[in-house]
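Novice: just need the structure, nothing else, for what follows:
(2 chains)
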There are 2 protein chains.
Amino acid sequence: MHFTPSVSLAFTGPTAGQHLADGVLEREFLLGDTPGTLWTPPTAAPAAPAPLILMAHNNGLPRREPRLVARARYTAARGYAVATIDAPGCGDRPRTRAAEQARAELRRAMRAGEPTDELFEALVGPLVEAAAPQWRTTLDALLTLPEIADGPVGYSGWAALGIRLAATDPRIAAAGLFAGGYVPRAQREQARQVTVPLLFLLQWDDEGNPRRRALDLFDAFAATEKTLHANLGGHTGTPAFELEDSSRFYDRHLR
Amino acid sequence: MHFTPSVSLAFTGPTAGQHLADGVLEREFLLGDTPGTLWTPPTAAPAAPAPLILMAHNNGLPRREPRLVARARYTAARGYAVATIDAPGCGDRPRTRAAEQARAELRRAMRAGEPTDELFEALVGPLVEAAAPQWRTTLDALLTLPEIADGPVGYSGWAALGIRLAATDPRIAAAGLFAGGYVPRAQREQARQVTVPLLFLLQWDDEGNPRRRALDLFDAFAATEKTLHANLGGHTGTPAFELEDSSRFYDRHLR
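Specialist: From the prediction side, this is the model:
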């Protein structure tokens, strides 16, 4: 069923959007104050609507971050509508005073080699809380578009936000989570309520992400189908073939 | 280059072998006392030789074990020559007195809930030592067949034997290992010499296989490209999609 969106989505930029080399259509949109990007496959049309994947970048990095854009385009070329937003406090949007303070404290603590858990908690916890409702509003609006399938929705990326959404929004039917950022205590608890199929990506040597904690999180999910893919290397070293694996994971659950 | 085989391979059973529904050709062979099976894809011919994958079943289970046969046929249908043998002491071949004793002791200890590590060591250690030379002899012979590509060779299955072969035979270029059986101390050490790309499959809830030990083994491999796939469920619960993932892993490294 369609939810009635509380705010309507307006495409900005060139009316028809921009067709990329692979035929993918890239369009900017605004939803109230929230800027977003929607990529749709060459084939998406009211007659052949594409399943939607919400794609978020760890800890609120900008939606224009090149690695996210590359993943989005690849995924759209494989037949998905992919959407991302800069939620409140994310990307280039104004930061709260508390977030600015937490970021400054974090930088200081990291330089000094001090514990950072509480500082991450103070930064990322509120970021997830502020972002989640905006992602749901975006989802409401996107599902009214005729070129997007009104069926199961996928999620990809930022683990903490994905847990929050998958645990609370029944429209999310499969989630690919990247175990590479701080997951607030609330979401570590909420993991026990996540029952949709999961693909959990771990970089084995991610210095900022204790391996033990990521394995405990994988263990905590209530999903009866969950798969962990761990690869050698640091935070940004995920091998290219994982993109293809992720796409096949969504093929199994969204089509 | 071709190695000169010390024992020559003789096909047994129907001269032309048996063509299966998917076009795969299944042939039984003997190499000295060692019985084996070779599956080749519909396309394999001297003009289009197929890359070889050696497929072994955990702890020397019979080569006719249905799960191994299913994996072999699937893999052959994807363009690989797949071979397996019943190495000395494996399958239905005569067991040593020591192995019989170790098996009986193991059953007793498991029923009594006693520690089993030393008993597994006494059973599996010698099994790997006896099997490895026979697999290498088989490899020598298979690589002389015109329908098998004289190039990089893959390995699939029994982790302990795979470690032993990958650490000592430069022809093995990629290994898919199943973390579901006892790995003797010698092979846990040898893991540090394994440098070929690895796909390591772990069943997250495999009762007979402590998770911590499997993760430590994954950590120990010296390979610069190694991927862990962990799935929910017990020893025999590996999801079907892992077969497809494995096939793509070999595609990346053997073609």
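Novice: contacts, neighbours, all on C-alpha from now
Specialist: OK.
Novice: skip the chain neighbours and tell me the closest residue to A:Glu226.
Specialist: Not quite, residue A:226 is Lys, not Glu. Leaving aside its sequence neighbours, A:Lys226 sits nearest to A:Leu198 (CA to CA, 6 or more residues apart in numbering or on different chains; 4.6 Å).
Novice: ok, that neighbour touching A:Ala220?
Specialist: No: assessed by CA atoms under 8 Å, A:Leu198 is found out of contact with A:Ala220, at 11.9 Å.
Novice: so those two - more neighbours on which side?
Specialist: A:Leu198 (26 against 16; other CA atoms under 10 Å in any protein chain shown).
Novice: residue contacts, that one?
Specialist: A:Leu198 makes contact with A:Ala174, A:Ala175, A:Gly176, A:Leu177, A:Ala223, A:Glu225, A:Lys226, A:Thr227, according to CA atoms under 8 Å, 6 or more residues apart in numbering or on different chains.
Novice: the most centrally placed residue in chain A bridge partners, please.
Specialist: Centroid check for chain A by CA atoms, centre = their mean gives A:Ala56 as the closest residue, at 2.4 Å. As for beta bridges, A:Ala56 partners with A:Gly157 under DSSP bridges.
Novice: quick one, what contacts it?
Specialist: Residues in contact with A:Ala56 (CA under 8 Å, 6+ apart) are A:Arg63, A:Leu68, A:Thr84, A:Ile85, A:Tyr155, A:Ser156, A:Gly157, A:Trp158, A:Leu161.
Novice: okay, now A:Ala77: neighbour count?
Specialist: That count, for A:Ala77 with other CA under 10 Å as the rule, works out to 21.
Novice: ok, back up a step: and the residue nearest to the centre of chain A, how far is that from A:Trp135?
Specialist: Counting by CA to CA, to the nearest Å, the gap from A:Ala56 to A:Trp135 is 9 Å.
Novice: hmm, back to that, going by distance to chain B, which of the contacts of A:Leu198 wins?
Specialist: Nearest to chain B among those, counting by CA to the nearest CA, is A:Thr227 at 4.6 Å.
Novice: count the residues that sit near the closest one.
Specialist: Neighbours around A:Thr227, by other CA under 10 Å: 24.
Novice: now do the SS call for it.
Specialist: Counting by DSSP: H, G, I helix; E, B strand; the rest coil, the backbone at A:Thr227 sits in strand.
Novice: can you pull out the strands in the stretch 51-200 of chain A?
Specialist: A:52-56, A:81-85, A:153-158, A:172-178, A:198-203 (DSSP state E, counting those that start in this stretch).
Novice: returning to what we had before: quick one: pLDDT of the residue nearest to A:Lys226?
Specialist: If you check A:Leu198, the pLDDT there is 98.
Novice: what residues does the stretch 101-250 of chain A put near chain B?
Specialist: Residues of the stretch 101-250 of chain A found near chain B (CA under 8 Å from any CA of the partner chain) are A:Thr224, A:Glu225, A:Lys226, A:Thr227, A:Leu228, A:His229, A:Ala230, A:Asn231, A:Leu232, A:Asp245.
Novice: among those, which ones are buried?
Specialist: A:Glu225, A:Lys226, A:Thr227, A:Leu228, A:His229, A:Ala230, A:Asn231, A:Leu232, A:Asp245 (16 or more other CA atoms under 10 Å in any protein chain shown).
Novice: list the buried residues in stretch A:162-179.
Specialist: A:162-167, A:171-179.
Novice: actually stretch A:233-252, not the one I wrote
Specialist: Neighbour count says stretch A:233-252 has A:Gly233, A:Gly234, A:His235, A:Thr238, A:Glu244, A:Asp245, A:Ser246, A:Ser247, A:Phe249, A:Tyr250 buried, by 16+ other CA under 10 Å.
Novice: now render those residues as JSON lines, adding secondary structure.
Specialist: Below are the buried residues of stretch A:233-252 laid out as JSON lines (three-state DSSP):
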{"residue": "A:Gly233", "secondary structure": "coil"}
{"residue": "A:Gly234", "secondary structure": "coil"}
{"residue": "A:His235", "secondary structure": "coil"}
{"residue": "A:Thr238", "secondary structure": "coil"}
{"residue": "A:Glu244", "secondary structure": "helix"}
{"residue": "A:Asp245", "secondary structure": "helix"}
{"residue": "A:Ser246", "secondary structure": "helix"}
{"residue": "A:Ser247", "secondary structure": "helix"}
{"residue": "A:Phe249", "secondary structure": "helix"}
{"residue": "A:Tyr250", "secondary structure": "helix"}
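Novice: verify the stated contact: A:Gln150 with A:Leu143.
Specialist: In this structure residue A:150 is Asp, not Gln. Yes: between A:Asp150 and A:Leu143 there is a contact under CA under 8 Å: 5.8 Å.
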